[in-house]
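>>> Mind looking at a prediction? Sequence and model below.
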Amino acid sequence: MADGMDMIATLVAHEGLGQGVVDRAREALVAAGLETAPPVWIDEGEAVDIAFSGDRALARSAIEALALPADLFVLAQANRDCRLFIADMDSTMITIECIDELADYAGLKPQIAEVTERAMRGELDFAEALAGRVALLKGLDEAVLDQCREERVRLMPGARALVRTLVARGACTILVSGGFVPFAGPVSAAIGFHRQVANILHVADGKLAGTVEQPIVDAARKRAELLGAIDALGISPAQSIAIGDGANDIPMIEAAGLGVAYHAKPRTRAAADVAIDRGDLSTLLHALGIPRAQWMDD
């Protein structure tokens, strides 16, 4: 980091990042009245840092106005010392919404998926939406949980590289999901999280009972898990990162030192400090200044 410059603007474009794009970004910062250092490549042609001093929001708006073909991350140097990483599961660490896929086995996917989408956009109360959707699954054979996980669940590209690299660098990692334990447990283990938190589905006589254990894992619980972990680890909030895609993730994203929106709904993106709109989850490693040579294998 350049002397006296505690902020960093990072551009990431895995399909090729030209010097012209980098120069335009730096020129925009200078035009906004910010002092900058010469760009430093993290991985040439892929990711570059421009250290600067000054207002973070001003820097972000100045570069965003250019509509560059890259993901932009404007963060404090302190955010790069990640000691806690907490992540949503559905549509963030995996490619699907588990409850929608379970509904497909019950022949109810269109109805339930519509409710899921509205809840993700923040148009519905999460607890009520969850209860209503789970009630519709009453009577579904418990064995379908394993079948759905094996047939439908796929890890999001970059998930393992991201989490395993952070773990190797000393971060505590937690998967927090408004979904269900039969999915979150195996997903957490496959990716490499230290632990997971998710909802427990009630089962009676080998079939789903249509209810979940209370209290549920909702937006407040996700935020509480983040704050509790910060306290337990004795770290600065700046050393925490939270990532998600839906409205249910907003409170933890806002409470984290660095809140990340991943291919997110508009409200979630607006609430986050930074957003990944183009790349996969490994993009966050470049945002943290970690070159590919130091990534753990995906």
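Thanks, I have it.
>>> and the nearest residue to residue 272 once chain neighbours are set aside, what is it in contact with?
Distance criterion C-beta to C-beta, 6 or more residues apart in numbering; nearest residue to residue 272, sequence neighbours excluded, is residue 261 at 3.7 Å. Bear in mind the C-beta positions are built from the backbone N, C-alpha and C, glycine included. Residue 261 makes contacts with 243-245, 253, 268-269, 271-272, 274-276, as judged by C-beta atoms under 8 Å, 6 or more residues apart in numbering.
>>> Just those: which are in strands?
Counted as lying in strands by DSSP state E, out of the contacts of residue 261, are 243-244, 274-276.
>>> which among the residues you listed gets closest to residue 57?
Ranked by distance to residue 57 (C-beta to C-beta), these are led by residue 274 at 12.0 Å.
>>> can I assume that closest one is in contact with residue 257?
No: using C-beta atoms under 8 Å, residue 274 is not in contact with residue 257; the gap is 11.4 Å.
>>> still on that earlier bit, can you give me phi and psi for the residue nearest to residue 272?
Backbone torsions of residue 261, given as degrees, to the nearest 10, read phi -100, psi 130.
>>> Same question for residue 184.
Note on residue 184: its backbone torsions stand at phi -60, psi -40 [degrees, to the nearest 10].
>>> what about it, neighbour count?
By other C-beta atoms under 10 Å, the residues close to residue 184 number 26.
>>> mind listing what it touches?
89, 175, 177, 196-198.
>>> swap the cut-off to 7 Å and go again
With contact taken as C-beta atoms under 7 Å, 6 or more residues apart in numbering, residue 184 is in contact with 89, 175, 177, 196, 198.
>>> still on that earlier bit, okay, the ones in strands among the contacts of residue 261 in JSON lines with distance to residue 96 next?
Shown next, in JSON lines, are the ones in strands among the contacts of residue 261 (distance: C-beta to C-beta, whole Å):
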{"residue": "243", "distance to residue 96": "17"}
{"residue": "244", "distance to residue 96": "15"}
{"residue": "274", "distance to residue 96": "24"}
{"residue": "275", "distance to residue 96": "21"}
{"residue": "276", "distance to residue 96": "18"}
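>>> okay, these in a markdown table with neighbour count next?
Converted to a markdown table, those look like this (neighbours: other C-beta atoms under 10 Å):
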| residue | neighbour count |
| --- | --- |
| 243 | 26 |
| 244 | 35 |
| 274 | 22 |
| 275 | 19 |
| 276 | 25 |
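>>> tell me the two of the residues you listed that are most distant?
244 and 274 (12.6 Å).
>>> Show me what the residue nearest to residue 272 is bridged to.
Residue 261 has the following beta-bridge partners by DSSP bridges: residue 244, residue 275.
>>> Adjacent strands (with direction) for the longest strand anywhere in the chain?
Counting residues, the longest strand found in the chain (DSSP E) is strand 172-180. Paired strands of strand 172-180, with direction, are strand 84-87 (parallel), strand 195-199 (parallel) (DSSP bridges).
>>> Could I get the full set of helices for the stretch 51-200 of the chain?
Secondary structure of the stretch 51-200 of the chain by DSSP state H, counting those that start in this stretch: the helices cover 56-64, 98-105, 109-120, 126-136, 143-152, 159-168, 181-191.
>>> quick one, which of the ones you listed is nearest to residue 249?
Between residue 249 and the helices of the stretch 51-200 of the chain, the shortest gap by C-beta to C-beta is with helix 109-120, which sits at 9.2 Å.
>>> can you list the residues that contact the closest one?
Outside helix 109-120, the residues within contact range by C-beta under 7 Å, 6+ apart are 97, 99-100, 103, 124, 126, 129, 132-133, 136, 246-247, 265.
>>> burial measure for residue 237, as a count.
Look at residue 237: counted by other C-beta under 10 Å, it has 15 neighbours.
>>> For it, which non-adjacent residue is closest in space?
Nearest to residue 237 is residue 257, by C-beta to C-beta, 6+ apart, at 4.8 Å.
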